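Undergrad: Here is the input, now give the coordinates:
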Amino acid sequence: FPAMLGRTCDRPCEPACRRGRIDGKPVAICRLKRVAADHRGEISHLLPKIPKEKNGRRIACIGAGPASLTVANDLLPLGYEIVMFEKNDKPGGLMRTNIPAFRLPERVLMDEVDMILDMGVEIRYNSPVTSMKALLGEGYDAIFVGSGAPRGKELELPGRHDTDRIHIGIDWLESIAFGHVDSVGERVLIIGVGNTAMDCCRSSCRLGGKDIKVMARRPRGFFKASPWELDDAEEEGVEILVNHAPKRFVVEDGRLKGMEFERLEWDKGAKNSQVIDTVFLPADDVILAIGQENAFPWFERDLGVEFNKWEEPRVDPATMMSTRPGIFFGGDSAFGPKNIIWAVEHGHQAAISIHNYCQAIPVSERPPQAMNLISQKMGLGQWSYHNDYNPATRQKMQHVDLERRFQELGIEVELGF
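TA: Numbers count the residues shown, from 1 in each chain. Prediction:
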């Protein structure tokens, strides 16, 4: 997914880039991936050919998100049949429902998803899996679970259920994506400071919000959101308030008035705090973006798959296989919320395991990694390849003008290189 990842990735590769040793800034790996995708020529003739004669193995994939799509991408060229079950009427999973169109336009999403679906996936829309036991009875040779972490965490405080103007962040973003929500109150409080919170506050800007505050319990150095996500939100006029702990929702006669917060003072490591004040902030809407959880109400617990107390399956991190042979997990459904690139990697590893499993080869047998840079290190400051570098500084991405980007929900903010 170069075009999607080139717009939305959390960039775990960039801190490892040794270009950062020169002036502290890595090569813009993420955005250059987008360049490769945006300016590509015709590539269909370069893609793997799908054999007309199948190998007789059918694999079920639950969810049409990045992990399941990666499994399909890897197994279809080997002659497997892939049946994909998607609860919504469109593919993409959380790439579609959780990432706003101003960051990831629908045309970009569908262009890359269709490349995989067009390889021959049998995809069944509006088809949530309601029983794993029933699915197992349909005779698939292996099952891959890529259903994500679809449940947003709750904030059970006084007043939480006394009004309909308090929303779960990922559900609210999904409602925007499918056109069920098209407005928000002028005063909006976002609780939480991860990347989902940034998507919620920036979406609020486009739906009519005027006074938008992101409420953080800890100081800025302890935020979960990526620094560039924070910068983009503040560029759009969002205010980020630190050291505020939610205390209660203020609701009168069923109408949300705002929230009460405790102002905190933290020690140096932000481990311990003390309350120094209580403040009230008015709000027309409150959006809870404090995390996501796995949810498997459709997965019977007597099938040989072990789950921990957080509703996460016990999965081998190398093979992606559960404690029941033939059932594999990947993406957020395997280890809780991470990001798209990890879901893709889980899909690659699961596809290797599914292939091995179907061919009666131990799933622990893995092909060698294609490249290992560690072996190229010779000594401190010494490398066995050329150490020259381009002195050009990292370029700043151009953005659409502030006035124009709020005119329509789907206007992409970043213009690319």
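
Undergrad: so residue 19 makes contact with residue 392?
TA: No: using Cβ atoms under 8 Å, residue 19 makes no contact with residue 392, being 10.4 Å away. In this view, the C-beta of every residue, glycine as well, is placed from N, C-alpha and C.

Undergrad: who's more crowded, these two?
TA: Shown here are residue 19 and residue 392; by other Cβ atoms under 10 Å, residue 19 has more neighbours (16 against 6).

Undergrad: residues in contact with that one?
TA: 25-27, 389 (Cβ atoms under 8 Å, 6 or more residues apart in numbering).

Undergrad: Could you rerun that using 10 Å?
TA: Shown in contact with residue 19 (Cβ atoms under 10 Å, 6 or more residues apart in numbering): 25-29, 389-390, 394.

Undergrad: Confidence-wise, which of those comes last?
TA: Lowest pLDDT of those: residue 389, 76.

Undergrad: Touching, that one and residue 26? I think so.
TA: No: in this structure, residue 389 is not within contact of residue 26 by Cβ atoms under 10 Å, at 11.6 Å.

Undergrad: Can you check which residues contact both of these two?
TA: Joint contacts of residue 389 and residue 26 (Cβ under 10 Å, 6+ apart) are 18-19.

Undergrad: Among the two, which residue is more densely surrounded?
TA: The neighbour comparison of residue 389 against residue 26 (other Cβ under 10 Å) goes to residue 26, with 19 against 11.

Undergrad: Quick check: phi and psi on that one?
TA: Phi and psi for residue 26, reported as degrees, to the nearest 10, are phi -80, psi 170.

Undergrad: From residue 227, how far out is it?
TA: 13 Å (Cβ to Cβ, to the nearest Å).

Undergrad: Common neighbours of these two, please.
TA: Contacts common to residue 26 and residue 227, judged by Cβ under 10 Å, 6+ apart, are absent.

Undergrad: Buried members of the contacts of residue 19 into ChimeraX, please.
TA: Restricted to buried positions by 16 or more other Cβ atoms under 10 Å, the ChimeraX selection for the contacts of residue 19 reads:
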select :26,27,28,29
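
Undergrad: So which of the contacts of residue 19 belong to strands?
TA: Among the contacts of residue 19, no member is found in strands (DSSP state E).

Undergrad: Which residues belonging to stretch 123-141 are considered buried?
TA: For stretch 123-141, by 16+ other Cβ under 10 Å, it's 123, 129, 132, 135-136, 140-141.

Undergrad: which stretches of this structure have low pLDDT?
TA: The model of the chain has pLDDT under 70 over residues 371-387.

Undergrad: quick one: which helix or strand includes the spatially closest residue to residue 304 that is not a sequence neighbour?
TA: In this structure, residue 304 finds its nearest non-sequential neighbour in residue 324, 3.8 Å apart by Cβ to Cβ, 6 or more residues apart in numbering. Assigned by DSSP states H and E, residue 324 belongs to neither a helix nor a strand.

Undergrad: What separation do you get for residue 324 and residue 68?
TA: For residue 324 relative to residue 68 (Cβ to Cβ), the value is 18 Å.

Undergrad: Same check on residue 173?
TA: Counting by Cβ to Cβ, the gap from residue 173 to residue 68 is 20 Å.

Undergrad: Looking at the two, which has the bigger crowd around it?
TA: Between residue 173 and residue 68, counted using other Cβ under 10 Å, the more crowded position is residue 68 (34 against 24).

Undergrad: Pull the number of nearby residues for the residue lying closest to residue 10 once chain neighbours are set aside.
TA: Leaving aside its chain neighbours, residue 10 sits nearest to residue 339 (4.4 Å; criterion: Cβ to Cβ, 6+ apart). By the criterion of other Cβ under 10 Å, residue 339 has 19 neighbours.

Undergrad: One more: residue 161?
TA: 11.

Undergrad: Now that it has come up, it's in contact with residue 256, right?
TA: No: using Cβ under 10 Å as the test, residue 161 is too far from residue 256 to be in contact (11.7 Å).

Undergrad: okay, and the common contacts of the two?
TA: With Cβ under 10 Å, 6+ apart as the test, residue 161 and residue 256 both reach residue 249.

Undergrad: how far away is the residue nearest to residue 10 from residue 324?
TA: 27 Å.
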